[in-house]
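[1] no FASTA, just this:
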């Protein structure tokens, strides 16, 4: 390591030779400081929503009140940073618009249904605190629990929705009952009856659904959709899922923490005419005055500083290389 | 006969293939079938060598053939209920059986988990018996397996006999224990291990990202633009500066949109097309058992 | 100390244990690693029955009695055949009969690879369709896309984008042709350009992934400072 | 009877591709030498094994964390080659696996390699290990093995997700030579940053053909190239058709004005979406 090196070092070499441990320590300090600053100062940073998030938002704002949305939530707490922000924003919108939803996990992650239920409970508690109506399990939403194999489930739902979902949930004050008796589910017969199919994932389950689900085109208000499948994915899965969005295999895509902030921003400001690339004349009112900025914004400052740190370090390394090369005689 | 092996709301029709739950008839059938299955397994142990490869090939072919058939067989119109022709009957059969066959590979993989556990026990058991380095950690590992399994199953059995309302009021001892082990430890360890990657990315980028060749320059500059475009503050500052210059096309949001839709998308799509075709070819080779070496040697 | 704080603290210790590898390999990391692998294996054993076999196999084979809310479900005995098939896998350590382990493996593989053809149709073909972009512009409508564009028209600026799209797609595909010995300058240039343009895609992936990974770290730090320290220890906010 | 979702043209295209692959496999069985272009990462395999032999340290192989599927089998086929070379030099190997079914296949393939080389007594079943089927427990376990056994050469080939960089950086920190490839394009840039040699995209699938020169594999590779050319041809044909239709105008039935074609009215769209025409007929 640096201390054992007998030869005196040039500035250029030093720029390139921070030890791993030093780099790690700087990162921890920068991120911790940003998280704490963000928490205590309650910053709201600017953001410019992209087409994928706009289309996603437009679709969930256009779907008729009272219809049922399927939410396949395959995330656990290990990707809470990105997925929870997205999921919370989605739930807030659905609840404010009185849209029923069925939430389930189809990736074989036994913990995912409970994680989703916990998030719903948290949002519900906030709603009650804000004087809004509590969203009631069984009547407004149901949990379909776990489907261990996503491929099989998607295929089975396509073949026969009623037999594919053989689950129970608990009505208030009653023992667990077949979910098909719930107001959320009773009107559905085939997969095209659902309002939207939204996937919240941190893995490749988007591929599995795109490969297996197929929806008939539909128009909600001003928003024509060629498919009812939409995705909220982590940044990693962003570029690949974005391909499906570009080829209209999904109606919209929300990518990573930035996507969560985009949705929060859209909730605050809505979409003004001319803003949406896909539907030029579309105009949507946001939820001004309600709690729109949440977990996404809480992490956003730290994302800025951490990425800034990465950029600075890469520049340092390259300047160091350039200086060293110049000293050792031209482009050696 | 009823091919739909699934749960139905009405009282099911009983036939040769099924039976009432808990009825002696069903149990007898299950036991007889199990004995027959084991008998076939023992018979296979004496299968002549030249039959072995065709047998494996046949199993693979039949298993894959189902999905191939359901891909290529035309679907039957939903509306009609009477007067199906033969080909439509096949289509309906394929559709009904889908949800039955869909679980098979999971069930079979689950039966093989014992082999995985055997591997763990073998590696760590030998370490403990031979008192090799770190054998005490192997003891900890076994203890963790046993603890998790006991609390996991106890809590699950407990839950079978509980209603949801009771759980919410007073989590029992088993539930608390499982919650601590799973939520408290395992989930947090997952998250911690996952977040380690942030450190590794930073150090890998610092160490390896140098502008040395055309390729690295392209990769680095795209990464830079994309990262900047994900930082809302930078985007709004840059867009403000660029204004409507050159038709507003020099805004960072426009540049990143252009890269996204015209360069990144086709690049990744083309790679995936290649992979898709290669996977298809590999799938065909496996399905028809054409591979030599490896699996079919 | 209440239960939820104990749970948070256990999580914190586990986090520190795994983070200690960042400094160097040490006994604390080794201990945490072995607990981690052990708990994961234990959980697999639990999930084996509670998640997979119970619902996918046992209940279907044995059926279910009528309850308050659902009718009788018949049991289908042929499911029992999956057991001996699965057990054949255990012959893998027997030198003489190890070939039998290939039967369950062959069936699993068959079930997986049989889906590939159908998957290709739904996954790749729509993208091929989307790649067929027109490149003849409608020049009378102006150069850049205005805020209120003519429906169905292709603006020259879009045309430029489409040409770049197609060039990228075709050159990258040409880079992945393995069995042709390209003698012409044009094709050699094309594959080289393909490799370069591919790097743009990888750069974009890099940028997006950096966002995810940093967010995970941010979330961990949120857990440590806000949830554990401020909300757990100081009981604030 | 109908192919409602896809239409027969798409079926024919898919069957055509499968036919081209199978045809070339058959064709290749007769011939000896077919050309495959050089793949840089693969030439490094022998170098990496050689180095670990010199250092007397084990070779580590990980076939990804995916289920048992075409990708895992492909990775194990490449590892069979690596193992053969390592076995000849009496080099210890470690294969870490995250799925019980893949573990079964790996045991079978690797023990087979040793038997075929006549080195059955050198085979240690514990060198093929099931570590964990949980992604990050697997990552932690493999990192631990890399650190403790100080592996000199590492091969990460297969379906890798987030754990890819944990492996690559850990191995890099102890100075191991690394050959890597992920069928997940999302991970490739990180392998590029942290590893010595990287196979991009379907170079991974070309690898076994390149290493073994087995006619079936080489033929299949040629067939895949034909398929790619067919895809290229399809795209070219498609954009020409779309370009020809682009300036076309017709009278709108409602407003009576001239307008450009809608997306659904274009030939290509109708070919790829037969359900549009079927719905019209139904009305």
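    On my side now, so go ahead. These figures come from a predicted structure and were not determined experimentally.
[2] from now on I want contacts and neighbour counts done on CA atoms only, so please keep to that.
    OK.
[3] how about residue B:239, what does it touch?
    Shown in contact with residue B:239 (CA atoms under 8 Å, 6 or more residues apart in numbering or on different chains): B:250-253.
[4] just how off-centre is the helix or strand where it lies within its chain?
    Element membership of residue B:239 [criterion: DSSP states H and E] is helix B:232-242. Put simply, helix B:232-242 sits 42 Å off its chain's centre (CA atoms, centre = their mean, to the nearest Å).
[5] mind listing what's buried along the helix or strand just after that helix?
    Under the assignment DSSP H and E, the closest C-terminal helix or strand after helix B:232-242 is helix B:252-259. Neighbour counts using 16 or more other CA atoms under 10 Å in any protein chain shown place B:252-253, B:256-257, B:259 of helix B:252-259 among the buried residues.
[6] so helix B:252-259 versus helix B:232-242, what angle?
    Orientation of helix B:252-259 against helix B:232-242 (axes from the mean of the first three to the mean of the last three CA atoms, to 10 degrees) gives an angle of 100 degrees.
[7] helix B:252-259 packs against which elements?
    Helix B:252-259 is packed against helix B:214-229, helix B:232-242, with contacts defined by 3 or more CA pairs under 8 Å, 6 or more residues apart in numbering or on different chains; DSSP states H and E.
[8] and the helix or strand in which residue A:200 is found, how far out from the chain middle?
    In this structure, residue A:200 sits in strand A:196-201 according to DSSP H and E. Relative to its parent chain, strand A:196-201 has a centroid offset of 9 Å by CA atoms, centre = their mean.
[9] how about stretch D:192-205?
    Per CA atoms, centre = their mean, the centroid offset for stretch D:192-205 relative to its chain is 11 Å.
[10] now what about stretch D:200-218, what contacts it?
    Counting by CA under 8 Å, 6+ apart, B:271-272, B:274-275, B:278, B:290-292, C:176, C:178, D:25-26, D:28-29, D:31-32, D:34, D:36, D:39, D:42, D:74, D:77-78, D:81, D:157, D:181-183, D:185, D:188, D:221 sit against stretch D:200-218.
[11] next one: it to chain centre, how far?
    Worked out by CA atoms, centre = their mean, stretch D:200-218 lies 10 Å from the chain centre.
[12] can you give me the buried ones in it?
    D:200-211, D:213-218.
[13] ditto for stretch C:83-91
    C:83-91.
[14] which one among the residues you listed gets closest to chain D?
    Checking the buried residues of stretch C:83-91 against chain D by CA to the nearest CA gives residue C:89 as the nearest, at 7.0 Å.
[15] count the residues that sit near the residue nearest to the closest one when sequence neighbours are not counted.
    Leaving aside its sequence neighbours, residue C:89 sits nearest to residue C:101 (CA to CA, 6 or more residues apart in numbering or on different chains; 3.9 Å). Close neighbours of residue C:101, defined as other CA atoms under 10 Å in any protein chain shown, add up to 24.
[16] who's in contact with residue C:101?
    Residue C:101 touches C:88-92, D:104, counting by CA under 8 Å, 6+ apart.
[17] can you tell me which of the residues you listed are in helices?
    Among these, DSSP state H puts residue D:104 in helices.
[18] which one of the contacts of residue C:101 is nearest residue D:48?
    Distance to residue D:48, by CA to CA, is smallest for residue D:104 among the contacts of residue C:101, at 26.4 Å.
[19] quick check: residue A:119 vs residue C:136, distance?
    50 Å (CA to CA, to the nearest Å).
[20] of those two, who's got more company?
    residue C:136 (22 against 16).
[21] surely residue A:190 touches residue A:160?
    Yes: Residue A:190 is within contact range of residue A:160, at 6.7 Å (criterion: CA atoms under 8 Å).
[22] okay, those two: which has more neighbours?
    Neighbour totals were compared for residue A:190 and residue A:160, and residue A:160 leads with 17 against 13 (other CA under 10 Å).
[23] residue contacts, that one?
    A:190-191.
[24] let's see it at 7 Å
    residue A:190 (CA atoms under 7 Å, 6 or more residues apart in numbering or on different chains).
[25] how is the chain carved up into domains?
    Because you didn't say which chain, this covers chain A. Annotated domains of chain A cover A:2-42+A:298-327, A:51-292 [automatic domain parsing].
[26] not quite, go with chain D.
    Following automatic domain parsing, chain D resolves into domains at D:8-33+D:220-282, D:40-198.
[27] reformat those into a markdown table and put mean neighbour count and distance to residue B:51 next to each item.
    Shown next, in a markdown table, are those (neighbours: other CA atoms under 10 Å in any protein chain shown; distance: least, CA to CA, whole Å):
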| stretch | mean neighbour count | distance to residue B:51 |
| --- | --- | --- |
| domain D:8-33+D:220-282 | 16 | 23 |
| domain D:40-198 | 22 | 18 |
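[28] export those to a markdown table and tack on mean pLDDT and distance to chain A?
    As requested, these are exported to a markdown table (pLDDT from 0 to 100; distance: least, CA to the nearest CA, whole Å):
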| stretch | mean pLDDT | distance to chain A |
| --- | --- | --- |
| domain D:8-33+D:220-282 | 86 | 9 |
| domain D:40-198 | 91 | 6 |
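[29] does chain C sit close to the host helix or strand of residue D:129?
    Assigning secondary structure by DSSP H and E places residue D:129 in strand D:128-130. No: counting by CA under 7 Å from any CA of the partner chain, chain C is not contacted by strand D:128-130; separation bottoms out at 10.2 Å.
[30] ok, and what's touching the helix or strand following that strand?
    Where DSSP H and E defines the elements, the next helix or strand beyond strand D:128-130 is helix D:135-149. Residues outside helix D:135-149 that contact it (CA under 7 Å, 6+ apart): B:190, B:193-194, C:25, C:33, C:36-37, C:40, D:98, D:131-132, D:163, D:166-167, D:170-171.
[31] quick one on the thing from earlier: mind putting the contacts of residue C:101 in a markdown table, distance to residue A:291 included?
    Below are those laid out as a markdown table (distance: CA to CA, whole Å):
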| residue | distance to residue A:291 |
| --- | --- |
| C:88 | 58 |
| C:89 | 56 |
| C:90 | 57 |
| C:91 | 60 |
| C:92 | 59 |
| D:104 | 53 |
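[32] what is the nearest of the contacts of residue C:101 to residue D:61?
    Nearest member of the contacts of residue C:101 to residue D:61, counting by CA to CA, is residue D:104, at 15.6 Å.
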